[in-house]
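# What follows is a predicted structure for the sequence shown.
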Amino acid sequence: MEPRLQTRLVTRLAPRVTSPVAFPVIAKTGEKKPKEPKEEVSPAYQLFVRRKGKWIKLGKPTVKGIALKKGSEFAQRTLGASFKVEPTKAKIKAEEIPYVPSPKVFRKPKVKGKTELKSPIFIQRGGKEPTFVKGARLAAPSEKAELKLSRRKIKWR
């Protein structure tokens, strides 16, 4: 037997030389983009509602106007008649909404000697006071229903 002769084909790859691409240099003309207005950052306020003699946090810290509005709505809907809004260290990206609880519906606490408190407390006026209005205490159907429910609970005990 004779040895077979084989031929191998070898293809050698030549290394490619790439030249760097030159980008055109654009000179700045001095025109600047107008800056977008930053969102207003306002201080946050925490709403506290008085329920069964204790101050309870209600919701998350929000803008003062929204906190006052939520507090006044909560006081008019439930038997909890007083609420206060305290500033927190947090900041919120939201617009300030002007809101002042009606002085016909809410009064300040009657404290001798103190004119200004750290955080203002708003107390819902009673029905016997001379400025009785629609938002006064125990005028809302939800408040009356809550009274009935509490009386039933007492009877069941």
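Right, received. Where do you want to start? Residues are numbered from 1 along each chain as shown.
# which secondary element of the chain has the worst mean pLDDT?
Counting by mean pLDDT, DSSP states H and E, the chain has its least confident helix or strand at helix 141-156, which shows a mean of 83.
# got the buried residues for that helix?
Of the residues in helix 141-156, Glu143, Glu146 count as buried by neighbour count, 16 or more other Cβ atoms under 10 Å. Every C-beta, even on glycine, is put in place using the N, C-alpha and C of the backbone.
# And for stretch 65-83?
65-72, 74-76, 79-83.
# From those, pick the one nearest Lys155.
Leu79 (17.8 Å; Cβ to Cβ).
# Can you tell me the SS state at that closest one?
Following DSSP: H, G, I helix; E, B strand; the rest coil, Leu79 is assigned to coil.
# For this structure, which segments count as strands?
Using DSSP state E, the strands of the chain run over 41-51, 54-62, 82-93, 106-107, 121-124.
# So what touches the least confident helix or strand of the chain?
For helix 141-156, the surrounding residues in contact (Cβ atoms under 8 Å, 6 or more residues apart in numbering) are Arg77, Thr78, Leu79, Arg137, Leu138.
# any idea how far the residue nearest to the spatial centre of the chain is from Tyr45?
In the chain, the residue lying closest to the centroid (Cα atoms, centre = their mean) is Thr62, at 3.6 Å. To Tyr45, Thr62 is 7 Å away according to Cβ to Cβ, to the nearest Å.
# pLDDT value on Ile66, please?
pLDDT for Ile66: 93.
# now do the one 5 residues further on
With respect to pLDDT, Gly71 scores 93.
# pretty sure it is touching Gln46, no?
No: with contact defined as Cβ atoms under 8 Å, Gly71 does not reach Gln46; the gap is 10.6 Å.
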